[in-house]
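Could you look at this predicted model? Sequence included:
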Amino acid sequence: MDNQNRQVLLKRRPTGMPTIADFAITDGPLPDPDDGEVLVRGIYLSLDPYMRGRISAARSYAKPVDIDAVMEGRVVGQVVRSRDAAFGEGDYVFGGFGWQLYSAVPGKGLLKLDPAEAPLSAALGVLGMPGLTAYVGLSEIGRPQKGETVVVSAASGAVGAVAGQLAKRAGAYVVGIAGGTDKCRFVEAELGFDAAVDHRAADLGATLDRACPNGIDVYFENVGGPVQQAVFPRLNDFARMIMCGMVAEYNDVEPRPGPSLMSVVRKRIKIQGFIVSDQWQRWGEYRAMAAPLVRSGALKYREDIVDGLDGAPEAFIGLLQGRNFGKLLIRLGADPTRGS
Ligand SMILES: NC(=O)c1ccc[n+]([C@@H]2O[C@H](COP(=O)([O-])OP(=O)(O)OC[C@H]3O[C@@H](n4cnc5c(N)ncnc54)[C@H](OP(=O)(O)O)[C@@H]3O)[C@@H](O)[C@H]2O)c1
């Protein structure tokens with residue numbers, strides 16, 4: 001065992017694409033575990049897109065890494081000294097130890113890993129946070145049905161690969177979007193997706209049309225940017241868009257025009273369209289609730305009544321310019337109940 005610990009610290013917050021000058025590598029003494037702690041030698045450190053958010057000062061769902069602090073990250077490691085009865089030397093563990101070779105951490109924050117269950121590294125990927133992300137996104141939001149078309153971006157990546165395979169297992173027709181022919185070949189040949197589309201090739205929209213002849217029912221969004229723009233207009237009625245991440249936009253310096261759907265992820269906002277005609281059967285229920293309120297004056301309303309059908313076109317144009325004030329109506333004839 002070395003008697004030095006090497007750490008990567010955040011030196012400054014990057015603008016745009018991070019550079020190595022944003023980080024500092026330092027050597028220091030090995031940490032000493034206190035009572036209830038273990039000293040862990042890191043074996044695998046997971047690097048994940050979310051870390052771009054952690055080194056930015058922008059408000060997000062998690063606290064950013066402080067300047068001069070060790071970069072945050074999940075690690076699989078081995079216990080080299082234990083002061084927690086639940087762990088012995090040689091145990092394999094998983095935890096958030098950060099970008100460093102060794103760390104002294106409370107035993108209660110650790111998960112013991114059994115290397116006979118799966119390769120240790122799997123705890124950081126397919127059996128870890130990314131795998132769980134794919135599973136949660138699909139089961140909570142996407143809910144693909146047999147025969148539906150599911151599109152997954154960053155399809156060869158940690159989350160996308162699991163998402164597509166689980167969608168396949170649910171009986172969906174699954175199309176992966178990935179960057180370059182090697183990744184696309186992997187997505188089709190190794191992961192077993194029905195088709196793969198290269199977002200770097202020309203005319204992504206036309207390629208998607210060919211790959212998804214029945215449109216798209218579920219989109220597992222991992223990248224945003226031009227890929228999102230190509231997928232979005234191809235979503236079917238009642239499609240589900242799983243807003244998992246938008247890695248293509250994480251280094252943006254200027255906000256892109258329009259509201260950023262990334263806040264849907266950060267703030268766990270639910271966006272769902274609807275058309276009232278899907279719920280006509282609830283009209284009676286609504287009237288029963290609202291009519292007494294109208295009669296009593298508790299539910300107020302205002303009407304903007306234009307006399308005569310001839311005024312309809314102009315009134316309609318006015319409506320589109322905000323000239324109406326209240327519910328715009330055309331009076332076509334007398335209303336005896338109003339005495340008009
Ligand atoms: N919501 C959550 O709780 C949660 C949890 C975990 C991960 N995530 C998100 O899930 C997404 C995937 O994460 P991952 O860990 O599985 O990463 P990953 O897919 O293993 O790696 C990122 C991939 O994104 C693609 N990419 C990067 N820049 C791109 C660009 N400019 N345009 C298009 N594609 C680009 C690349 O694949 P190609 O070359 O194939 O394009 C790259 O390999 C990320 O957005 C991440 O933030 C969200």
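Thanks, I have it. Residues are numbered from 1 along each chain as shown.

Tell me which helix or strand in this structure has the weakest average pLDDT.
Within the chain, confidence by mean pLDDT, DSSP states H and E is lowest for helix 262-266 among all helices and strands, at a mean of 92.

where along the stretch 1-150 of the chain do the strands fall?
Applying DSSP state E, counting those that start in this stretch to the stretch 1-150 of the chain gives strands spanning 4-10, 23-29, 37-45, 75-82, 92-95, 102-106, 111-113, 149-152.

tell me the most buried of those strands?
Comparing those by mean neighbour count (mean count of other Cβ atoms under 10 Å), strand 149-152 comes out on top with a mean of 31. Just so you know, the C-beta spots here come from the backbone N, C-alpha and C atoms, and that holds for glycine as well.

outside of that one, which residues touch it?
Outside strand 149-152, the residues within contact range by Cβ atoms under 8 Å, 6 or more residues apart in numbering are 142, 144, 160, 163-164, 167, 172-177, 193, 208, 212, 214-220, 222, 231, 236.

Now the buried members of those.
Burial by neighbour count, 16 or more other Cβ atoms under 10 Å: within the contacts of strand 149-152 this picks out 142, 144, 160, 163-164, 167, 172-177, 193, 208, 212, 215-220, 222, 231.

Return the subset of these lying in helices.
Residues from the buried ones among the contacts of strand 149-152 lying in helices, with DSSP state H as the criterion: Gly160, Ala163, Gly164, Ala167, Leu208, Val231.

in the helix or strand containing Arg210, what counts as buried?
Of the helices and strands defined by DSSP states H and E, Arg210 is found in helix 204-211. Of the residues in helix 204-211, Leu204, Thr207, Leu208, Ala211 count as buried by neighbour count, 16+ other Cβ under 10 Å.

Packing partners of that helix?
Contact here means 3 or more Cβ pairs under 8 Å, 6 or more residues apart in numbering; DSSP states H and E; on that basis helix 204-211 packs against strand 173-178, strand 195-198, helix 225-231.

Dump those to JSON lines, plus distance to Arg74 and mean pLDDT.
Formatted as JSON lines, the entries for the helices and strands packed on helix 204-211 read as follows, by distance: least, Cβ to Cβ, whole Å; pLDDT from 0 to 100:
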{"stretch": "strand 173-178", "distance to Arg74": "24", "mean pLDDT": "98"}
{"stretch": "strand 195-198", "distance to Arg74": "29", "mean pLDDT": "98"}
{"stretch": "helix 225-231", "distance to Arg74": "26", "mean pLDDT": "97"}
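
Leu299: which of those is closest?
Evaluated with Cβ to Cβ, the helices and strands packed on helix 204-211 place helix 225-231 nearest to Leu299, the distance being 40.2 Å.

got a list of what Ala315 touches?
With contact taken as Cβ under 8 Å, 6+ apart, Ala315 is in contact with Val306, Asn324, Leu328, Ile330.

right, and the last one touches Gly311 too?
Yes - applying Cβ atoms under 8 Å, one finds Ile330 in contact with Gly311, separated by 6.6 Å.

and the ones in helices among the buried ones among the contacts of strand 149-152, which two are the farthest apart?
Comparing all pairs in these by Cβ to Cβ, the longest separation belongs to Ala163 and Leu208, at 17.2 Å.

picking that back up, can you tell me which of the ones in helices among the buried ones among the contacts of strand 149-152 is closest to the ligand?
Proximity of those to the ligand (Cβ to the nearest ligand atom) peaks at Gly160, which lies at 5.4 Å.

returning to what we had before: just want the angle from the helix holding Arg210 to strand 173-178.
An angle of 150 degrees separates the directions of helix 204-211 and strand 173-178 when computed by axes from the mean of the first three to the mean of the last three Cα atoms, to 10 degrees.

Run through who's touching helix 204-211.
Judged by Cβ under 8 Å, 6+ apart, the contacts made with helix 204-211 from elsewhere in the structure are 151, 175, 177, 195, 197-198, 201, 216, 226-227, 230-231, 233-234.

Name the residues that touch the longest helix along the chain?
For the chain, the helix that runs over the most residues, judged by DSSP H, is helix 283-296. Identification of contacts with helix 283-296 by Cβ under 8 Å, 6+ apart yields Leu299, Tyr301.

Return the distance of Asp91 relative to Pro292.
Here Asp91 is placed at a distance of 68 Å from Pro292 (Cβ to Cβ, to the nearest Å).

Pick out whichever of the two has more residues nearby.
The residue with more neighbours, out of Asp91 and Pro292 and counting by other Cβ atoms under 10 Å, is Asp91; that gives 20 against 11.

Name the nearest residue to the more buried one, ignoring sequence neighbours.
Nearest residue to Asp91, sequence neighbours excluded (Cβ to Cβ, 6 or more residues apart in numbering): Val79, at 4.5 Å.
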